[in-house]
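Visitor: next comes the sequence, and after it the predicted model I'd like to discuss.
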Amino acid sequence: MNPTTNQLLWMYETMLVIREFEETMVNVYLEGKLPPNIQKGLAFDIGSGPVPGEMHLAAGQEPVAVGVCAHLKKEDTVTGTHRPHHFAIAKGVPLDRMAAEIFGKVTGLGRGKGGHMHLFDPEHKFSCSGIIGAGMPPACGSALAGKKLGTDWVTATFFGEGAANQGSFHESLNLAALWKLPVVFICEDNKWAISVEKSVSTAIPSNADRAAAYGVPGVRVEHNDALEVFAAAGDAVARARRGEGPTLIEVKTDRYLGHFQGDAEVYRPKDEVAELRKHDPIPALEGHLRALGLLNDQADAEIRSRAHRRVTDAYDFARATAYPEPEEALYHVFAA
């Protein structure tokens, strides 16, 4: 399956937006957390600054999100992980409200109560969770609902290679296969489950091989390439829409940053990230577009300017809007 011109340009621009959003957050997140701003005698204060708490960023993993979401409709559902921004952006979640949620502002998706690991947008049918593997069971529920309503809606559920060793993975894949649910399971294999390398945590090299145990197709995408993901996801989404059941896709992708911001990454080989960045998927897609005659310097400058403006406007909105009032803590928690 070959992408259309619109899909190619959308994937490229969306990858640029994702990368800039994540790389901007690297510096925003550190505000107030390092000396000399800290007055508590701590080397790193996770609770300080405009974005308190943990932060997991997805720079380098953009192809997985755009390659799948390029095939999805607004009515389709996506469930993501604790590293969720690239999925949310690719699914169409408003960038300004997502940023505001990360900042804990009342204008955020969850009025500032969820933070970056718990982004919920019913309008765009997106959700994520900080619990490993937690997105797969509700993905089956969403797919079952769509099937019972007689729609062709598809659910895409993303998870890491570490989560493929969780019970929720096997239970969800079994149920989806048994009931022929329209779910596409997408495993992001970035090699590291926090600090544990895949080779010492998982009995087989490719989690895609596990699909055979449930009688469903399993596909391994060997390169961190948007076009390769697009091709694999296109077949899987089409199969789900036809009512033929789930597919399991594993994508070899690259995590350029730490598991979380502040991660010393002592577990990684010294030159690993530098080597990975030599194969950055954004310049690769740019080169493909130029070779097809779909992109020149002027068009590229316009796309990059538009992406930059979207990210800047989102961060400006998040900084400018208000925090919730204290009584908000009691809203949306208890039934009347």
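Guide: Yep, it's here.

Visitor: so for the protein, the centremost residue is which one?
Guide: Geometric centre of the chain, nearest residue: Phe87, 3.3 Å, by CA atoms, centre = their mean.

Visitor: and that residue, what does it touch?
Guide: Contact analysis of Phe87 by CB atoms under 8 Å, 6 or more residues apart in numbering lists 65, 69, 78, 80-81, 126, 128, 158. All C-beta spots, glycine's among them, are computed from the backbone N, C-alpha and C.

Visitor: quick check, nearest of the residues you listed to Leu119?
Guide: Cys128 (5.3 Å; CB to CB).

Visitor: what count of nearby residues applies to the closest one?
Guide: Look at Cys128: counted by other CB atoms under 10 Å, it has 26 neighbours.

Visitor: what's it sitting at in phi/psi?
Guide: Backbone torsions of Cys128, given as degrees, to the nearest 10, read phi -150, psi 170.

Visitor: name whatever forms a beta bridge with it.
Guide: Gly80 (DSSP bridges).

Visitor: make sure Val64 is indeed in a helix.
Guide: Yes - counting by DSSP: H, G, I helix; E, B strand; the rest coil, Val64 is located in a helix.

Visitor: where's the residue nearest to the centre of the chain relative to Gly32, distance?
Guide: In this view, Phe87 and Gly32 are 28 Å apart by CB to CB, to the nearest Å.

Visitor: what's the answer for Ala318, then?
Guide: According to CB to CB, Ala318 stands 15 Å off from Gly32.

Visitor: pick out whichever of these two has more residues nearby.
Guide: Neighbour totals were compared for Ala318 and Gly32, and Ala318 leads with 24 against 14 (other CB under 10 Å).

Visitor: leaving out the residues flanking it, which one is nearest to that one?
Guide: Leaving aside its chain neighbours, Ala318 sits nearest to Ala99 (3.8 Å; criterion: CB to CB, 6 or more residues apart in numbering).

Visitor: could you look up the SS state of that neighbour?
Guide: Strictly by three-state DSSP, Ala99 counts as helix.

Visitor: surely it and Asp313 touch.
Guide: No - Ala99 lies out of contact with Asp313 (CB atoms under 8 Å); the separation is 9.2 Å.
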